[in-house]
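Asker: Okay, predicted coordinates and the sequence, questions at the end:
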Number of protein chains: 2
Amino acid sequence: MRPCQRPSLGDRMKMGDFTPMLEEMARVKRRVDALILDELLPRSHPVPAVDLLYTMMRDYPERPAKGMRPYLCVTSCKAFGGSEDLCLLTAAAIELFQNWILIHDDIEDGSEMRRGSPTLHKKYGWALALNTGDALHARMWESLLRNRNALGEARTLEVMGEFAQMINETTEGQQMELRWVVENDWAMTEEDYYQMCVKKTSWYTVISPMRLGALVAGSRVRDTEFLVDPGRKLGVGFQIHDDVLNLSAGERYGKEAADDLLEGKRTLILIKLLSSASPQDRRRVVEIFSLPREERRQLKGEVLDLIHRYDALGYAVETSARLVGDALSMLRQGSWADGPEVRRVEEIARYAIERDW
Amino acid sequence: MRPCQRPSLGDRMKMGDFTPMLEEMARVKRRVDALILDELLPRSHPVPAVDLLYTMMRDYPERPAKGMRPYLCVTSCKAFGGSEDLCLLTAAAIELFQNWILIHDDIEDGSEMRRGSPTLHKKYGWALALNTGDALHARMWESLLRNRNALGEARTLEVMGEFAQMINETTEGQQMELRWVVENDWAMTEEDYYQMCVKKTSWYTVISPMRLGALVAGSRVRDTEFLVDPGRKLGVGFQIHDDVLNLSAGERYGKEAADDLLEGKRTLILIKLLSSASPQDRRRVVEIFSLPREERRQLKGEVLDLIHRYDALGYAVETSARLVGDALSMLRQGSWADGPEVRRVEEIARYAIERDW
C-alpha cells in the first residue's frame, strides 16, 4: 500500500523556520514532564498489588510527545503578562488531561498503537486501562488544587472551572463521533463535522490552553471570550491537518499508517470523498466501512486510491490552511497587546498546519 | 438453584426499627435527586447527536437507590454543627461519584444488571458508556465548584481535596481487585482482602462522606482524622454484608442472584471458603473460577453448596458484625460532641449490617 502524497502549499514555510520554536516547545515539555513524573505522579506504591497502577499511570506520560498544548498555554500566559513558572502546574494538568483521555479514547476507538507503542489496553487489558484513566483523571484535578499557593484560591477555582468546561465539550464531541461510528452513520455534513471537531479537538487543543494561560496571568473569564472563535477555527485546522498526516505520514506518526481508516474515524477527507464520489464509489466506500476491522485493513489501499482520485486530501489541506488563516486574522484584531509572545501564538498556529508529524 | 439462607444474629434488630431512619434517608435522597436531575445535569442538548449523552448521563442517577452515602454525609455535617442545606451540593457530588464509577466498574467487571435494569454498556455499548462515565465525572467536579458561594473559596477547595483523595483510594482498590480477577489469582489472604476493601469501599462509602460532612460544617482536615480508622472498619463491614446479600437476597437486590460468582469477585466469603476447604474442594472452586462466565453460571449452585458446607457465609456475617461493633466503640470515643446526630451516624452503621437489600 503506497501512502498518500501530501499536496504542497505554494506558500508553505520550510520546516526549518520552526526550529527555534520547536526547541522552546521541547524545553517547556521537559519542565512539564519533570513536574508530572517527579512530583505529580507517584513512582510506586508500598502495596505491591497497587504498584502496577502507578506504572500504568506513568506509561503514556513517559512516551514521546510534542507538548504543543502545554506550550500554547505557557505562551498564552506570557502574552497576557504572566510568567512561565506561574503557569507550569496548569500546563502539566493539560498534559495529564491529554493522557487520561487518550487512554479512554484508545479503548473506545479500539486503537492499537499510540506514540509508537501498543496502546495501554493492548498492554494490560481494557479493564485495568480504563481504571488507570480514571486514576489519572483524578490526579489531574489534584494537581490543579496545588495551584492554590501560587495563584490564590479564587484564581485556582477559575482555572478549574475552565477545565470542567473543556471536559464537557470534549466528551460531547467524543459522543458525536462515537455515535457515528457505532451506528455506521455516514450521512454527516461538513457542518456536522465542524461542530463535532470544535467540541472534540478545538476546546482542549486551543481554546482552553489559551484561556487557561490568560486566567493564570490574571485575566477575567469574560476578557478571554475573544479567544473562543479563532480557537475553534485553529483547532479544526489542526485536526484536519492531523488527519491528513495520518494518511500520508505513516509510521513516523507513531501509529500504524492510515489507522484512521481502520477505526472508521469520520474525517473531513472521507466526508469530502463521499460527497464528491460517484454513487457507485460512494456505495463502495460505505460498504468497506461496514466490514470488520481486519477485512478493512486489507482494503485500505482501495480507499486511499479513491481519496486520490477525488482529491479529497487536497481539499482537506486547503480547508485547514483557510481556517488557520481566518483564525490568525481574528487573533490579530483581538484585545491583547501586540508583542513577541502574541507572535509566538501565531507561530504555533502556523505550525499546526505545517508540521509533518 | 436455592439461594443461601442468611444466618440470623442473636442480637439482630428488627428491620422495623430502622423505619424512621429510612424515611429520613429517602427524604434526603429526594432532595439530592432533585438537585442532580433538575440543576446539575442538563436534560438535553440542542445538538441532536449530543443529546443521547445527557440521556445516558441521567440513566443511573434516575434508577432507584437508597442514597445511604449522601445521607451519611448530611448526617455527619449536622453532627459537626453544620446544616443540611449547606451540605446538599457535596452530598449530590458523592452521588454523582457513585454513579460515574459504577458505569466504569460495570464495564470493568462485565456486569450485566445494575439497580434492576441492564447496565449502561449493555444498553448502549461500552464505548458510549465509557465516555458517559467521563462526562459524569467532570460534572461531579463542576458541581463541587458551585460550593463556592455558600462555603467560600477555601472550604470549597478543602472539599475538592477530599474528593481527590477518595478517588485515589477507590481506583487503587479497584486496581487490586481487578488484578486478582485478570490474573485468576486466589492466593490473597484475609489481610489482602481487608486492604483492598478499605480502599475500594470504605473510602467512598464511609470515610469521605463523614469527613466531607465535617469539612462542610467547618472542621479542619486534621480534626477529622479520628473518623478514618472507624470508617475503615465500617466500610469493610458494609461491603461484607453486601456480599452476603448478593448470595442470599437474590433478585430483590436489583441484580441477577449471586452474580458476584459470575464476576469472580473476591469476597471474604470465598476467601474463607478457600482457606477452610479440603484440598480437593479448594481445587474444584479454583477450577470453576477459571471457566468462562457462561459455564460458571451453570455451576453457581455447586459453589453455593460448598459455601454452606464450610459455613463461609456465617463467618462473613460474624466478621461484619464484629467490625461494625469495633467501629462503633471507636466512634463513641471520638472527639465529637454526643447528641442526636452522632447517634444517627451510629444508627446508619448498624443499618449497614442489618439491612436486607
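Answerer: It's in. It should be emphasised that the depicted structure is a prediction, and the values quoted were computed from it without experimental measurement.
Asker: mean confidence for the stretch of helix or strand A:Leu72 belongs to?
Answerer: In the assignment (DSSP states H and E), A:Leu72 maps to helix A:68-79. The average pLDDT for helix A:68-79 rounds to 97.
Asker: longest helix anywhere in chain A?
Answerer: Counting residues, the longest helix in chain A under DSSP state H turns out to be helix A:148-182.
Asker: what does the average pLDDT come to for that helix?
Answerer: 97.
Asker: Buried residues in it, which are they?
Answerer: By 16 or more other CB atoms under 10 Å in any protein chain shown, the buried positions in helix A:148-182 come out as A:148, A:150-151, A:153, A:155-181. For every residue, glycine as well, the C-beta is placed using N, CA and C.
Asker: do stretch A:181-196 as well
Answerer: Buried, per 16+ other CB under 10 Å, within stretch A:181-196: A:181, A:186, A:188, A:192-196.
Asker: where does A:Trp336 land on pLDDT?
Answerer: Predicted confidence (pLDDT) for A:Trp336: 72.
Asker: Neighbours of A:Val286, how many?
Answerer: Neighbour count for A:Val286, taken as other CB atoms under 10 Å in any protein chain shown: 14.
Asker: list the contacts for it?
Answerer: By CB atoms under 8 Å, 6 or more residues apart in numbering or on different chains, A:Val286 lies in contact with A:184, A:186, A:274.
Asker: for it, helix, strand, or coil?
Answerer: helix (DSSP: H, G, I helix; E, B strand; the rest coil).
Asker: any weak-confidence spans in the stretch 201-350 of chain A?
Answerer: Where the stretch 201-350 of chain A drops to pLDDT under 70, the residues are A:249-256, A:335, A:337.
Asker: what ranges do the helices span in it?
Answerer: Per DSSP state H, counting those that start in this stretch, the stretch 201-350 of chain A carries helices over the ranges A:208-216, A:228-248, A:259-263, A:268-276, A:279-290, A:293-298, A:300-309, A:312-332, A:340-352.
Asker: for stretch A:292-311, how far is the first residue from the last?
Answerer: End-to-end span of stretch A:292-311 (CA to CA, to the nearest Å): 26 Å.
Asker: List the buried residues in that stretch.
Answerer: Residues A:296, A:299-300, A:303-304, A:306-307, A:310 are the ones in stretch A:292-311 that count as buried (16+ other CB under 10 Å).
Asker: and what of stretch A:20-39?
Answerer: A:21, A:25, A:28-29, A:31-33, A:35-36.
Asker: Let me have those residues in TSV, adding secondary structure as columns.
Answerer: Converted to TSV, those look like this (three-state DSSP):
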residue	secondary structure
A:Met21	helix
A:Met25	helix
A:Val28	helix
A:Lys29	helix
A:Arg31	helix
A:Val32	helix
A:Asp33	helix
A:Leu35	helix
A:Ile36	helix
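Asker: just the buried residues of helix A:148-182 that are near chain B?
Answerer: For chain B, the contacts drawn from these by CB under 8 Å from any CB of the partner chain are A:148, A:153, A:156-157, A:160-161, A:163-164, A:167-168, A:171-172, A:174-176, A:178-181.
Asker: ok so, going back, what's the angle between the longest helix of chain A and helix A:279-290?
Answerer: 120 degrees (axes from the mean of the first three to the mean of the last three CA atoms, to 10 degrees).
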